[in-house]
Every structure is written in structure tokens, then in C-alpha cells.
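In: model the following, please.
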Amino acid sequence: MHRTRKLLSAVALTGLAATGCLKPDGAKATLPGHELYAACASCHGQNAEGNAKLEAPPIAGLPAWYVEAQLGKFRAGHRAYHPEDVAGLRMRPMSRQMMNEGEVKSVAAHVASLPVKKAAATVQGGDSAAGAGSYATCLACHGAKGEGNQALGAPPIAQQADWYLLAQLKKFKGGLRGTHPEDKSGATMRPMSMTLADEQAMKNVIAHIGTLSN
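Out: Predicted coordinates:
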């Protein structure tokens, strides 16, 4: 009788696994994206509008492929591995709350479905006319309108917050981002950031990006 019960239990668990209700390893089924995003909202905002005080960028409307890629980098340690990348290091444990690739895709799809709202300008002192020349280096990947390019792993940047763009350019140039040997798209971006001589040059190109319409 005891053996019969064990067999019946095994059959029942197998059936649940086949229907997606229970994974063979005992993990719960993939949660929907809006539920997973609840853990992200405390920093990125309920509508993924971002929070500059927490160094959490606006992510609403970012393409799912890009969100998936960045979550993958955080989870694997290819991004935010530098000890001085404080904001990035806060993101790593959050990315690992997702149990599997299915949950990564689920939350990425939810983020992509949220409406984009262009962030208000906060970086002062940029010269958009001067930045237009520098942007010539960027458009090969990010596009003439800052629309991005999935094939090159380049995200849309036309609607991104200027403070975040400045922070990331500094990270790329300073080696806090894009130097991990497995971060291929980041490695492409780093030499581009180094063509900008100083913070003023960064502000100029960001001012130009702010004039783009995606």
C-alpha cells in the first residue's frame, strides 16, 4: 500500500509538471510580468518612470530584447561587476529574484508594454549644436533618431533620461562598464565613450540626443 501511494504521488507530480503547474525541480511556475515587476517598482516606479535620486533609470517602453539582455548581464555578473558601480551592484540581486529565463522574458515583456514618457531635462550646460558632430559616432549603432538597433545590441536612447545617459557615459569611459570579457555589446560602447574628451563633450552630445524624436 505504501509503495502504491508513492507511485501515485509520483504520477501526480509528473502530470503537474507536464501542465506547467509545477516544474520537475519543484520550482513554482513562471509568474506573470506585472507581478514580477512589483519588486522593481520601489526603485523604477510604478510606471517604470525612473527615480534619479535612487539612480534608477526610466525603463518604460524599452524593447523586451534589450531588457532581457541587461537582466542577463546583471544575473551573470557581466554588468555591475566593478566594485565602484554602486548603482549597478544594487541591481544585481534584484535581477536574481527571477527564477528562470521564462520569468526574465515575462517581466521584460511587461516593461516593454508600458507607455514611454520622455524624461524632463536635468543636465545643464550642454551645447546641442556642438554635440551633433559628436553624435555622428553614435548614429551608426543608435540610429539617426536614437531609435536603437537590435542587431547591434544598441538600445533606443532618444527618450532616455539625460542624467542616466551622462552616468553611463562616465561609467563606460571610466571602465566601470563595458570591460567584462563577456560583455560584447558593452565592449563596443566603451571605445565610443572614449571619443568624448571630457564631461562637457558628454553634456553636448546628450543635449543633441535630447533634440531627437523617436
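In: next secondary structure after the least confident helix or strand in the chain by mean pLDDT?
Out: Least confident helix or strand of the chain, by mean pLDDT, DSSP states H and E, is helix 2-18 with a mean of 38. Next along the chain after helix 2-18, taking DSSP states H and E as the criterion, comes helix 33-36.
In: what does that following helix rub up against?
Out: 97-98, 103, 106-111, 113 (Cβ atoms under 8 Å, 6 or more residues apart in numbering). Heads up, the C-betas are built off the backbone N, CA and C, glycines and all.
In: hmm, 7 Å instead?
Out: Applying Cβ atoms under 7 Å, 6 or more residues apart in numbering, the contact partners of helix 33-36 are 98, 103, 106-107, 109-110.
In: which of those fall within helices?
Out: In helices, defined here by DSSP state H, the members of these are 103, 106-107, 109-110.
In: tally of neighbours for residue 49?
Out: 18 (other Cβ atoms under 10 Å).
In: and the pLDDT at the nearest residue to it once chain neighbours are set aside?
Out: Nearest residue to residue 49, sequence neighbours excluded (Cβ to Cβ, 6 or more residues apart in numbering): residue 58, at 5.4 Å. Residue 58 carries a pLDDT score of 97 in this model.
In: got it, and residue 77?
Out: Reading off the model, residue 77 has pLDDT 94.
In: what about the nearest residue in space to it that is not next to it in sequence, which SS state?
Out: Excluding the flanking residues, the one nearest residue 77 by Cβ to Cβ, 6+ apart is residue 92, at 7.2 Å. Counting by DSSP: H, G, I helix; E, B strand; the rest coil, the backbone at residue 92 sits in helix.
In: can you pull the domain assignment for the chain?
Out: 29-117, 118-214 (automatic domain parsing).
In: now the last one: average pLDDT?
Out: In this model, domain 118-214 has a mean pLDDT of 95.
In: do me a favour and get the end-to-end distance for stretch 35-55?
Out: 23 Å (Cα to Cα, to the nearest Å).
In: buried ones in it, by neighbour count?
Out: Judged by neighbour count (16 or more other Cβ atoms under 10 Å), stretch 35-55 contains these buried residues: 36-37, 40, 43-45, 48-50, 52, 55.
In: CSV for the residues you listed, including pLDDT and distance to residue 120?
Out: Formatted as CSV, the buried residues of stretch 35-55 follow (pLDDT from 0 to 100; distance: Cβ to Cβ, whole Å):
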residue, pLDDT, distance to residue 120
36, 95, 28
37, 97, 23
40, 96, 21
43, 96, 19
44, 97, 16
45, 96, 14
48, 97, 16
49, 96, 11
50, 96, 11
52, 96, 10
55, 95, 17
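In: mind listing which of the residues you listed are in helices?
Out: Members of those lying in helices (criterion: DSSP H): 36, 43-44.
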